[in-house]
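Okay, structure incoming, though there's no sequence with it:
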């Protein structure tokens, strides 16, 4: 399979305007991987085309692709938590989804900074594929930081809150 610069640009344009989160295509002399909404956007663009047997035209095309492709808007990028204190425990997202602090718009949040939580207490909801998943505390603790805004997309493993275990 041969893929020229124009075909590649059309393919990337189609994918960037679709709901596709991951795409992979391999040919005789190339491998194309596109992943959207990841923590490290630079890593994704550096891996768009990967193979050590490039001619000078392919290398020029590779640079052009990396310079011209926007895989995810900055506003869509997940928030990366700043480093925390060593005495705090991080509660991370068990899945990709949308973070909600309350059970419905206008309702009180499940937890606020300073609240004490107990094992099994609901601390937030993650919506994934139209399913509302209640996230429960795995320990007794005090909420010290809530790092994600209500209604924000989150990634698997992203830090949602920091707590001090009791």
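Yep, it's here. Just so we're clear, the structure is a prediction, and the values are computed from it rather than from any experiment. Numbering: from 1, shown residues only.

And the helices in this protein?
5-16, 41-46, 56-68 (DSSP state H).

Now do the buried residues in the first one.
Put plainly, it is helix 5-16. Residues 8, 12, 15 are the ones in helix 5-16 that count as buried (16 or more other CB atoms under 10 Å). All C-beta spots, glycine's among them, are computed from the backbone N, C-alpha and C.

Does it pack against any helices or strands, and if so which?
Here helix 5-16 is seen to pack against strand 31-35, helix 56-68 when contacts are counted using 3 or more CB pairs under 8 Å, 6 or more residues apart in numbering; DSSP states H and E.

So for the last one, mean pLDDT?
Spelled out, it's helix 56-68. Across helix 56-68, the average pLDDT comes to 44.

Repeat that for the first one.
Mean pLDDT, taken over the full extent of strand 31-35, equals 75.

So what's the residue count around residue 90?
A count of neighbours around residue 90, defined by other CB atoms under 10 Å, yields 15.

Quick check: the gap between it and residue 159.
Taking CB to CB, to the nearest Å as the measure, residue 90 falls 5 Å from residue 159.

contacting residues for residue 117?
Shown in contact with residue 117 (CB atoms under 8 Å, 6 or more residues apart in numbering): 111, 123, 137, 140, 141, 142, 143, 163.

Give me the buried entries from those residues.
When the contacts of residue 117 are checked against 16+ other CB under 10 Å, the ones flagged as buried are 111, 123, 137, 141, 143, 163.

In JSON lines: the residues you listed, plus distance to residue 98 and pLDDT.
Formatted as JSON lines, the buried ones among the contacts of residue 117 follow (distance: CB to CB, whole Å; pLDDT from 0 to 100):
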{"residue": "111", "distance to residue 98": "17", "pLDDT": "96"}
{"residue": "123", "distance to residue 98": "15", "pLDDT": "96"}
{"residue": "137", "distance to residue 98": "20", "pLDDT": "93"}
{"residue": "141", "distance to residue 98": "24", "pLDDT": "95"}
{"residue": "143", "distance to residue 98": "20", "pLDDT": "95"}
{"residue": "163", "distance to residue 98": "21", "pLDDT": "94"}
